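**Q** Pasting a predicted model and its sequence here:
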Amino acid sequence: MLDRDQVLHVARLARLELSDDEVERMSVELSKVLDHIEKIRELDLEGVRPTSHVIDVVNALRADEPEPSLPREVILAAAPEPLNDGFGVPSPGAA
Amino acid sequence: MSELIDLTAAAAAERIRAREIDPAELFETYRARAAANDLNAYTWVADGPPEHGGDTDSPLGGVPLAVKDLFCTEGVPSQSGSKILEGYRPPYTATVVAKLAQAGAPLLGKTNQDEFAMGSSNENSGFGPVLNPWDRSRVPGGSSGGSAAAVAAGLAPWAIGTDTGGSIRQPAALCGIVGLKPTYGACSRYGMIAFASSLDQAGPLTRDVTDAALILRYTIGRDRRDSTSLEFPGEIALPQAEDLKGIRLGVPEELTGAEGGVEPGVRKNYDAIIALAEELGATVEPCRLPHAAHALSAYYLIAPAEASANLARFDGVRYGLRVGGDADLITMYSRTRNVGFGPEVKRRIMLGTYALSSGYYDAYYGTAQKVRTKIAEDFANVFERFDFIVTPTSPWTAFELGSKTADPLTMYLNDFMTVPMSLAGIPAISIPSGLSDGLPVGFQLAGPAFSESRLLDAAHALERAIGFDGSEARANHRHRGSAV
């Protein structure tokens, strides 16, 4: 069971400003899903290697060669608030 | 006009090459049908064929392609079904879309989907649900529901989508078309707006198995922009098989037994197809995937965990929505994300963040990745004795809009038979196998990694014997008085 404080803690980690109503609902819904998921913890997984990649691939490296990237103005065209050739953001404030 | 839309994409390409059809006319026919869009299958439709596209002698002949919204397409809205990316036009194009355009399949439109590909009904789209062309009160499945509905209704000759836990196969099944999830790494993920990077894979949604093979043939291959993409061993052969002689099919008890909650009509169809496979020369025997019943649990930890990391990039800084720009930085992030994401996306971000959070990582994410190893081992063991595993694609046919939205867990159960293959990274195909109460049923075949050509061959033999007729869904669309 995820209580209200746990939901708020996770929401803060996830940078989601949930409404009171959403916190309530999230607590019920996530608890139910987690109850179902919990079952895998009953399995004996002693000595099993966790999957890191499903197909065996070793060292997917490429040569480190510089090449042109997209022009700055093309990237900034999609930004909500371009500022002085960069991404404008609010002040971090006192948070 | 009706004749044009009844051609498979491969047949249309052939007739274009023979100069029997004008590719511009084909494009316009589909463009007009797509633009009428009364299934809400599209989020954007092209004005016309590309200026330099539609090369008549190209391998794909200029047959236009519908593309799931989450593939980045230069200068064209690519929103992954989310309000947080509303109107976003990327400055580059996804590798598989570029490869298909290069091979002669120009962009027809972008198709609606569950937000960030999270869903099994398309009801999670930020741009409204897609309707199933077989029955407009029902869902098309998801998350590639727009692609599936468009192909089934004849609003596109063919389409591509993505499959993370069943998002190509399940909507293909619910709409009565073919859907293929390739081996993980077979197709580049570059330019796909990511959901769960270790599972996401692009693939075709088509009228028949041959069309699926054609799309796959021109999308596979290593891409230097995706370090998880692989050099596919060999070419994709066009399927020819007319029987299943010598093919050993395994029926996994864990996925076809009572636990999957298979509807009686789906069960009956499945049993009939098994009998048909035997008539075609296949041997069919039960097999065991001891950990498959736990696949859903592992999936609903791994996929949300990866999603919570991937979706961290949507923070109101570089693209998309910004809310609360007059507050401090963290508040701006949190408000933007709360307003921009829909309920299911928030649920999964929360679930994934929890599973990765300090003190819970080993118990949840670590355990899930070990279960994943066991599932992959189960499949490897079965493939020592069998060529393919067969199951129904979905426990249910298309369900009523709104009937499963109240409880997220019920919706998740829809993925019971498709998620194990995703976790193991192996290819799987869904083919239409008949109707139950007038609604399409899908039959799934899964094989070992890189077995796509053999898998397509077996699917082709079955498809031919089944003789499924999908024309009713296209006819439904005509009767409804669309613009064409």
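**A** That came in fine, so what should we check first? Numbering: from 1, shown residues only, chains lettered A, B, ... in the order given.
**Q** Whichever strand or helix holds B:Ser334 - what's its average pLDDT?
**A** Following DSSP states H and E, one finds B:Ser334 within helix B:329-340. Per-residue pLDDT over helix B:329-340 has a mean of 98.
**Q** And stretch B:313-324, by the same measure?
**A** What stretch B:313-324 shows for mean pLDDT is 97.
**Q** so how far is it from its chain's centroid?
**A** 28 Å (Cα atoms, centre = their mean, to the nearest Å).
**Q** Does chain A have contacts with it?
**A** Yes: using Cβ under 8 Å from any Cβ of the partner chain, stretch B:313-324 reaches chain A at B:315-322, B:324. Every residue, glycine included, has its C-beta placed from N, CA and C.
**Q** and the residue most central in space within chain A, what does it touch?
**A** The geometric centre of chain A, computed from its C-alpha atoms, lies nearest to A:Ala14 (Cα atoms, centre = their mean), at 6.8 Å. Neighbouring residues of A:Ala14 by Cβ atoms under 8 Å, 6 or more residues apart in numbering or on different chains: B:308, B:337, B:349-350, B:353.
**Q** Please tell me I have it right and B:Ala368 contacts A:Ile40.
**A** Yes: using Cβ atoms under 8 Å, B:Ala368 makes contact with A:Ile40 at a distance of 6.6 Å.
**Q** Now list whatever residues contact both of those two.
**A** With Cβ under 8 Å, 6+ apart as the test, B:Ala368 and A:Ile40 both reach B:297-298, B:301.
**Q** Contacting chain A as well, which ones from those?
**A** Filtering those for proximity to chain A by Cβ under 8 Å from any Cβ leaves B:297-298, B:301.
**Q** Can you lay out the residues you listed as a markdown table showing pLDDT and secondary structure?
**A** Formatted as a markdown table, these follow (pLDDT from 0 to 100; DSSP: H, G, I helix; E, B strand; the rest coil):
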| residue | pLDDT | secondary structure |
| --- | --- | --- |
| B:Ser297 | 96 | helix |
| B:Ala298 | 97 | helix |
| B:Leu301 | 96 | helix |
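**Q** With respect to chain A, which of the residues you listed is nearest?
**A** Of all these, chain A sits closest to B:Ser297, with 4.4 Å by Cβ to the nearest Cβ.
**Q** gap between the closest one and B:Pro420?
**A** Distance from B:Ser297 to B:Pro420, counting by Cβ to Cβ, to the nearest Å: 11 Å.
**Q** who has more neighbours, the two?
**A** B:Pro420 (33 against 24; other Cβ atoms under 10 Å in any protein chain shown).
**Q** Leaving out sequence neighbours, find the closest residue to B:Glu279.
**A** B:Ala465 (7.5 Å; Cβ to Cβ, 6 or more residues apart in numbering or on different chains).
**Q** Could you list the low-confidence segments of the chain?
**A** All of this refers to chain A. For chain A, applying pLDDT under 70 flags the ranges A:94-95.
**Q** that's the other chain; I wanted chain B
**A** Along chain B, the parts satisfying pLDDT under 70 run over B:1-2, B:52-54, B:477-484.
**Q** Which residue ranges make up the domains of it?
**A** Under the assignment automatic domain parsing, the domains of chain B span B:2-245+B:447-479, B:293-368.
**Q** Just say which of those is most tucked in.
**A** The highest mean neighbour count among the domains of chain B, using mean count of other Cβ atoms under 10 Å in any protein chain shown, belongs to domain B:2-245+B:447-479: a mean of 23.
**Q** Same list, the ones next to chain A among the shared contacts of B:Ala368 and A:Ile40, but as CSV with distance to B:Ala461 please.
**A** Converted to CSV, those look like this (distance: Cβ to Cβ, whole Å):
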residue, distance to B:Ala461
B:Ser297, 35
B:Ala298, 33
B:Leu301, 38
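**Q** Let me know the closest of those to B:Thr8.
**A** The closest of these to B:Thr8 turns out to be B:Ala298 (Cβ to Cβ; 37.2 Å).
**Q** got a list of what that closest one touches?
**A** A:40, B:367-369, B:371-372, B:375, B:423.
**Q** Narrow those to those in strands?
**A** Using DSSP state E, no member of the contacts of B:Ala298 sits in strands.
**Q** mind giving me JSON lines with the contacts of A:Ala14 and columns for secondary structure?
**A** Putting the contacts of A:Ala14 into JSON lines (DSSP: H, G, I helix; E, B strand; the rest coil) gives the following:
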{"residue": "B:Ser308", "secondary structure": "helix"}
{"residue": "B:Arg337", "secondary structure": "helix"}
{"residue": "B:Ile349", "secondary structure": "helix"}
{"residue": "B:Met350", "secondary structure": "helix"}
{"residue": "B:Thr353", "secondary structure": "helix"}
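**Q** filter those residues down to the ones close to chain A.
**A** B:308, B:337, B:349-350, B:353.
**Q** Give me the longest helix you can find in chain A.
**A** The longest helix of chain A (DSSP state H) is helix A:20-37.
**Q** Show residues contacting the helix or strand following that one.
**A** As assigned by DSSP H and E, the chain's next helix or strand after helix A:20-37 is helix A:72-76. Residues from elsewhere that reach helix A:72-76, judged by Cβ under 8 Å, 6+ apart: A:82, A:85-87, B:91, B:318.
**Q** Now, these that are in strands?
**A** Short answer: the contacts of helix A:72-76 in strands (DSSP E) are A:82, A:86-87.
**Q** picking that back up, of all the contacts of A:Ala14, which comes closest to chain A?
**A** Nearest to chain A out of the contacts of A:Ala14 is B:Thr353 (Cβ to the nearest Cβ; 4.2 Å).
**Q** do you know how far the residue lying farthest from the centre of chain A is from chain B?
**A** For chain A, the largest distance from the centre (Cα atoms, centre = their mean) belongs to A:Glu65, which lies 30.0 Å off. Noted for A:Glu65: a distance of 11 Å to chain B, by Cβ to the nearest Cβ, to the nearest Å.
**Q** For B:Gly48, see how far away that residue is.
**A** Distance from A:Glu65 to B:Gly48, by Cβ to Cβ: 39 Å.
**Q** ok, now B:Arg89?
**A** 18 Å.
**Q** same deal with B:His460?
**A** 34 Å.
**Q** sorry, back to before: close to chain B, is the longest helix of chain A?
**A** Yes: using Cβ under 8 Å from any Cβ, helix A:20-37 reaches chain B at A:22, A:26, A:29-30, A:32-34, A:36-37.
**Q** Kindly report the same for stretch A:41-53.
**A** Yes: using Cβ under 8 Å from any Cβ, stretch A:41-53 comes into contact with chain B via A:41, A:43, A:45, A:48-53.
**Q** contacting residues for the residue of the stretch 1-150 of chain B found nearest chain A?
**A** At 4.7 Å from chain A, B:Pro91 is the closest residue in the stretch 1-150 of chain B, using Cβ to the nearest Cβ. Neighbour list for B:Pro91: A:70, A:74-75, A:77-78, B:74-75 [criterion: Cβ under 8 Å, 6+ apart].
**Q** make it 7 Å
**A** Applying Cβ atoms under 7 Å, 6 or more residues apart in numbering or on different chains to B:Pro91 gives the contacts A:70, A:74-75, B:74.
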